[in-house]
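Chemist: coordinates only, sequence not included:
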Ligand code: GDP
C-alpha cells in the first residue's frame, strides 16, 4: 500500500495522456496508481493533464457500484472492508478501495500508513487499495476522490469502496459521490459515543452493526432492532428504498454475503425506479457546481493581495463582525475589480 505521506512526484516523471489512458484501460495498476497521484497533484500543469485524462477515459466509466463506508475510528471499518472485500473477490468481483484519510495533518503520520491495515486484501490480485490523503487537498477531498473513482472504473474495477472516518464534512462529501452509503456502528455503545448525528443516520442506505461475535452478539442484535426502529422514524428517502440494518462479524466472517446482497437489492430496486441513474446525474451536476466554486477560489488565491483580504475577512467572520455572505461578496468584488484593472 502506498503511503499517503509520500513526497509529490516531480512532474518530469509524468506520462503522456495516451500512455496513462492506455495503461488504465489495460488494467495496469502501476499506471492507475500513478494516474491517481496525478489527479491529486496541485500543480496546474498536472491538473490540465489530469482533466484531459479524465475526459479521455470518461466513456469507460460508470460501470461499478460505488459504495461509501463510514463509522468512527475503532468501529471496525478496515477489518470489515478486508473481510467484505475478500468475500467480493471470492465471488469474482474486482474491488477498489479508496480511503479518505483526514488524519495525516493532525498526526503527521497516518492511520492508513499502518501497513497491517487490510493486509490480506492488499495482496489480493482482484483488489486495489489506495489511501487518498486530504492533507494537502486544496480543492477538497471530494474533488480528487471523484476522479479516482472514475480512473478505477476505467481500470475495470466493478465495486468501488470509498472509506471515510466519521469526522466533520467527510460523510457529506462521500455521500455525494457514491450510490450506496453504508454506516458501521457498534452494538451497545451510545449514539453520542459513536458521534452519530441524526443527519448521518438519515444519509445511510444501510447500517451494519459490527463485531457481532462473542459477548457482543446479544448487544449487536439488540442494536439491530433499535436502529431498525429508529430508521423507520425518519421520513422515507427520495430513493424509496427502506434502509436495512444487518449484523456482522469480520472475524467470524458473517453478515458479509448479506451486506453485498443488500447492496445488490438496492441497485436493482433503485435502477428499476430510475433513481440509480438519476442520483448519478444529480451528483455529477453537484460536482460541476462545486468544481466551479473551487476553481474560482483557486484563481482568487493566486493573488497575494486577495490572500491577505481572505485572511482578514476570515478573522472578521470568526469574530462575528461580518457575515460570511457579505465577506465573500467583498472578496469576489475585489477579484472582479482586479481582473478588470488587469485588462
Ligand atoms: P477502524 O478504525 O474503524 O478501521 O477499526 P479496525 O478495523 O481497525 O478495528 C478496530 C478494532 O476492532 C481492532 O482491534 C479489530 O481487531 C477489532 N475488530 C474489528 N472487527 C471486529 C469483529 O468483527 N469482531 C471483533 N471481535 N473485533 C473486531
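Modeler: All right, it came through fine. If you're wondering where the values come from, they're calculated on a predicted model, not measured in any experiment.
Chemist: which residues of the stretch 151-300 of the chain lie near the ligand?
Modeler: Within the stretch 151-300 of the chain, the positions lying close to the ligand (Cβ under 6 Å from any ligand atom) are 210, 211, 213, 214, 249, 250, 251. (C-beta placed from N, C-alpha, C; glycine too.)
Chemist: what's the closest of those residues to residue 26?
Modeler: Proximity of those to residue 26 (Cβ to Cβ) peaks at residue 250, which lies at 33.2 Å.
Chemist: follow-up on the earlier one: from the residues of the stretch 151-300 of the chain next to the ligand, which land in strands?
Modeler: residue 210 (DSSP state E).
Chemist: which among the residues of the stretch 151-300 of the chain next to the ligand count as buried?
Modeler: Among these, those classed as buried by 16 or more other Cβ atoms under 10 Å are 210, 211, 213, 249, 250.
Chemist: got the contact list for the fourth one?
Modeler: Right, residue 249. 210, 211, 212, 213, 255 (Cβ atoms under 8 Å, 6 or more residues apart in numbering).
Chemist: in a markdown table, list those residues along with pLDDT and distance to residue 50.
Modeler: Listed next are these as a markdown table, based on pLDDT from 0 to 100; distance: Cβ to Cβ, whole Å:
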| residue | pLDDT | distance to residue 50 |
| --- | --- | --- |
| 210 | 94 | 36 |
| 211 | 94 | 39 |
| 212 | 94 | 42 |
| 213 | 93 | 44 |
| 255 | 96 | 38 |
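Chemist: closest to residue 327 out of those?
Modeler: Closest to residue 327, out of all of those and judged by Cβ to Cβ, is residue 210, at 42.7 Å.
Chemist: I'd assumed residue 246 was in contact with the closest one.
Modeler: No - look at residue 210 against residue 246 with Cβ atoms under 8 Å: they stay out of range, at 10.0 Å.
Chemist: residue 18 and the ligand, how far apart?
Modeler: 38 Å (Cβ to the nearest ligand atom, to the nearest Å).
Chemist: what residue ranges in this protein score low on pLDDT?
Modeler: For the chain, applying pLDDT under 70 flags the ranges 1-12, 100-116, 132-143, 166-169, 189-197.
Chemist: which helix in it runs the most residues?
Modeler: What stands out as the longest helix in the chain, according to DSSP state H, is helix 275-300.
Chemist: what is the subsequent helix or strand relative to it?
Modeler: helix 304-318 (DSSP states H and E).
Chemist: which is the next helix or strand following that following helix?
Modeler: helix 324-342.
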